[in-house]
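>>> For reference, the sequence and a predicted model appear below.
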Amino acid sequence: MADGIEIIEGGSVTSPQGYKAGGVYAGLKSAGEGVLDLGILVSERPAAVAGTFSTNKILSPSVTVSKRRIESGVSRGVVANSGCANCSVGEQGILDAEEMTRLAAAHVGVSADELCVASTGMIGVELPMGIIRDAMEKVELTEDGGEAFARSIMTTDSRPKHIAARFSASGQTYTIGGVAKGVGMIHPDMATMLSFITCDANVDQDFLTDSLRWAVNESFNMIDIDGDQSTNDTVLLYANGSSDEPQIDSGEAALGMEFQKALKAVCVYLAKELVRDGEGAGHVMEVTVDGAVSMADAVCAAREISSSNLVKAMVHGRDPNWGRIMMALGKSGVELEESKIDIFINGIHIVHEGKAISYHADSVISGMAAEEVSFRVSLNIGEESATAWGSDLTEEYVTFNSAYST
């Protein structure tokens, strides 16, 4: 975590002031110990809101409704379900998504237009509104409900993913919290993931939107598990001003920078947790490309390497086959000079000026047994760098997805 940011033990989306959340088992998923599938997150006062969404040409109506709802720049929260994506079901999907917000709004005492909606799960299945109607009023909203809410949005995740942190600037202290889900259909441009982030700062809505887009590009858009992209991706950021401190905007340079640093730290943590819990994953790989002529090239190259199936298989097999990294780099189409490329695995220099150099192979192989494996690729023709994260490709991933509907 970045300097000046304090992690709150057990923190979640309700750690910032003025938020409540909860989750319940409605019956959208198979019953099991600790299984929840319907949740609500609400701010006790109107909050500035920003969102980023899937770029897939096929979108869940839940995404469509939420995109409309945040156009005002103000929201009170979100109702979310797992077990059903509410996608490819025609006009009924819009009607059901809107009814979800009406049911949740009536339960928490706000206007339906003030709530967003998110869904995740099976595509091509209508939301079972009968059981949702019965279950909505059973969602208990509390200041300690972040864990339950995190569980309610899980699909194939093996564990809930949440975090909260404090940051200070100009003598003021703020708290930011977040939850996320998604361990399959994960590829840059947001993947099959939901994430909800809360903050008790008073943030200008335009600055909030710009900050979220930047943070998402640095985190959720830099991860890959399987190269596939979902129809339901949603990240929502709320800032409700409950700290009663001065507004953060682009004119408050120091305060704005600290807010963005904390937001990025929370997003990167959640993004890495998604990769770490990837379907069948045994390792996280971190790919840093530096010395690029442009940021766009650095991002493109890092993404290409982290999403290469051959590189993923190489990590799984603990095989320092650096030719696969070189292949993926060349496939990316970025500007490069082969004779200037250096490659490092876990800090060990294995390629210099585009050619193999002498290194202790057993040390590299041993290091690749670690939970996290790092690659650094230096293009040495510019000043820009970017980092992406991916998981290895395992037999378990194939087995899981051949037997489980997601």
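Nice, thanks for sending it over.

>>> Please, where are all the strands along the stretch 1-150 of the chain?
5-7, 19-24, 38-53, 74-84, 115-122 (DSSP state E, counting those that start in this stretch).

>>> Columns mean pLDDT and distance to residue 162 on top of the ones you listed, output as TSV?
Every residue, glycine included, has its C-beta placed from N, CA and C. Output for the strands of the stretch 1-150 of the chain, formatted as TSV (pLDDT from 0 to 100; distance: least, C-beta to C-beta, whole Å):
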stretch	mean pLDDT	distance to residue 162
strand 5-7	94	12
strand 19-24	98	10
strand 38-53	97	11
strand 74-84	97	14
strand 115-122	94	16
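
>>> Would you tell me which of those strands gets closest to residue 30?
Ranking the strands of the stretch 1-150 of the chain by proximity to residue 30 (C-beta to C-beta) places strand 74-84 first, at 8.5 Å.

>>> Only alpha carbons, please: show that closest one as PDB.
Backbone C-alpha positions of strand 74-84 (Å, rounded to 0.1, in the frame of the first residue of the first chain) are rendered in PDB as follows:
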ATOM      1  CA  VAL A  74     -25.800  12.000  -7.400                       C
ATOM      2  CA  SER A  75     -26.800   8.600  -6.000                       C
ATOM      3  CA  ARG A  76     -27.700   7.000  -2.700                       C
ATOM      4  CA  GLY A  77     -26.300   3.500  -3.400                       C
ATOM      5  CA  VAL A  78     -26.800   0.300  -5.200                       C
ATOM      6  CA  VAL A  79     -28.700  -3.000  -5.100                       C
ATOM      7  CA  ALA A  80     -26.900  -6.000  -6.400                       C
ATOM      8  CA  ASN A  81     -27.500  -9.700  -7.000                       C
ATOM      9  CA  SER A  82     -25.400 -12.700  -7.900                       C
ATOM     10  CA  GLY A  83     -26.500 -15.900  -9.500                       C
ATOM     11  CA  CYS A  84     -28.100 -14.200 -12.500                       C
END
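
>>> So which other helices or strands are in contact with it?
Under the contact criterion of 3 or more C-beta pairs under 8 Å, 6 or more residues apart in numbering; DSSP states H and E, strand 74-84 touches strand 38-53, helix 92-108, strand 115-122, helix 146-152, strand 194-199, strand 234-239.

>>> possible to save these as CSV with distance to residue 370?
Below are the helices and strands packed on strand 74-84 laid out as CSV (distance: least, C-beta to C-beta, whole Å):
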stretch, distance to residue 370
strand 38-53, 32
helix 92-108, 43
strand 115-122, 31
helix 146-152, 27
strand 194-199, 27
strand 234-239, 29
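
>>> Minimum distance to residue 65: which of these has it?
Nearest of these (C-beta to C-beta): helix 92-108, 4.3 Å.

>>> beta partners for the spatially closest residue to residue 140 that is not a sequence neighbour?
Closest residue in space to residue 140, ignoring its immediate chain neighbours: residue 22 at 4.7 Å, by C-beta to C-beta, 6 or more residues apart in numbering. Partner residues in beta bridges with residue 22, using DSSP bridges, are residue 40.

>>> show me the residues around residue 22 that make contact.
39, 40, 139, 140, 141, 142, 145, 148, 149 (C-beta atoms under 8 Å, 6 or more residues apart in numbering).

>>> How about residue 338?
The contact partners of residue 338, by C-beta under 8 Å, 6+ apart, come to residue 354.

>>> ok, it to residue 375 distance?
Going from residue 338 to residue 375 by C-beta to C-beta, to the nearest Å gives 17 Å.

>>> Longest helix in the protein, please.
helix 253-276 (DSSP state H).

>>> ok and that one relative to strand 194-199, angle-wise?
150 degrees (axes from the mean of the first three to the mean of the last three C-alpha atoms, to 10 degrees).

>>> Which elements pack onto helix 253-276?
Short answer (3+ C-beta pairs under 8 Å, 6+ apart): helix 253-276 packs on strand 5-7, strand 161-169, strand 172-181, strand 194-199, helix 205-218, strand 223-224, strand 284-292, strand 384-391.

>>> out of those, nearest to residue 267?
Of all the helices and strands packed on helix 253-276, helix 205-218 sits nearest to residue 267, with 4.6 Å by C-beta to C-beta.

>>> Which of the three states applies to the residue located most distally from the centre of the chain?
Relative to the centre of the chain, the most outlying C-alpha is that of residue 358, 38.8 Å out, by C-alpha atoms, centre = their mean. Of the three states, residue 358 takes coil under DSSP: H, G, I helix; E, B strand; the rest coil.

>>> which among the contacts of residue 22 end up buried?
39, 40, 139, 141, 145, 148, 149 (16 or more other C-beta atoms under 10 Å).

>>> Could you export the residues you listed to a markdown table, including columns for distance to residue 55?
Output for those, formatted as a markdown table (distance: C-beta to C-beta, whole Å):
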| residue | distance to residue 55 |
| --- | --- |
| 39 | 25 |
| 40 | 27 |
| 139 | 31 |
| 141 | 32 |
| 145 | 31 |
| 148 | 31 |
| 149 | 26 |
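
>>> Am I right that residue 221 is in a helix?
Yes: when classified by three-state DSSP, residue 221 is found to be part of a helix.

>>> where's it relative to residue 87, distance?
For residue 221, the distance to residue 87 (C-beta to C-beta) stands at 21 Å.

>>> Next: residue 348.
The value you get for residue 348 to residue 87, if C-beta to C-beta is used, is 45 Å.

>>> cool, residue 291 as well?
Counting by C-beta to C-beta, the gap from residue 291 to residue 87 is 41 Å.

>>> follow-up on the earlier one: neighbour count: residue 348 and residue 87, which is higher?
Between residue 348 and residue 87, counted using other C-beta atoms under 10 Å, the more crowded position is residue 87 (23 against 16).
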